[in-house]
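Engineer: A predicted structure for the sequence below; I have some questions about it.
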Amino acid sequence: MEKASEFKKVDQPLVLETVQPDFNLTDLNHDMTSNELLELNIALFALLIQDNVTEKAIQALVYERSQEVERILDQSNDIQKREFASLESPVNELIMTHINKLKDTVQKSLGKVSKASKAIKKYRQR
């Protein structure tokens, strides 16, 4: 029988606990949101409100979204870049704030596991 302290490596994706966004889908869009960015925002918001979303899925969509934002900026003149950046900056803040909340939830869960591991070790030594 395996000891409690001998964990096998599990190659499963990290599943994040649900933390409902404190923003709406409309908050992710603005006057300069392209159709492609709109579709990515819809997909990202749908992912963020799901139960048991994986870290990899969020990373993939956030990366794809950042690529689209860069594409828009690359195709814009200086005035359009400044306007787009001023509209997009609060959107990025919303997304990053929510992702940080997800990270905090994971850290708290890991802290509970660590505390449980210490308790197990304590009682095994008795």
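Structural biologist: Thanks, I have the structure now.
Engineer: count of neighbours near Asp78?
Structural biologist: 7 (other CB atoms under 10 Å). The C-beta positions use only the backbone N, C-alpha and C, and glycine is treated the same way.
Engineer: show the pLDDT at it.
Structural biologist: Model confidence at Asp78, given as pLDDT, is 97.
Engineer: tell me where the chain has helices.
Structural biologist: Here the chain has its helices, by DSSP state H, at 35-48, 55-74, 78-124.
Engineer: TSV for those helices, including distance to Gln20?
Structural biologist: Formatted as TSV, the helices of the chain follow (distance: least, CB to CB, whole Å):
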stretch	distance to Gln20
helix 35-48	8
helix 55-74	14
helix 78-124	9
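Engineer: in this protein, where is pLDDT below threshold?
Structural biologist: When residues are selected by pLDDT under 70, those of the chain lie in 1-18, 106, 108-126.
Engineer: hmm, 90 instead?
Structural biologist: Scanning the chain with the threshold set as pLDDT under 90 gives 1-22, 48-55, 99-126.
Engineer: what distance do you get for Pro21 to Gln59?
Structural biologist: 17 Å (CB to CB, to the nearest Å).
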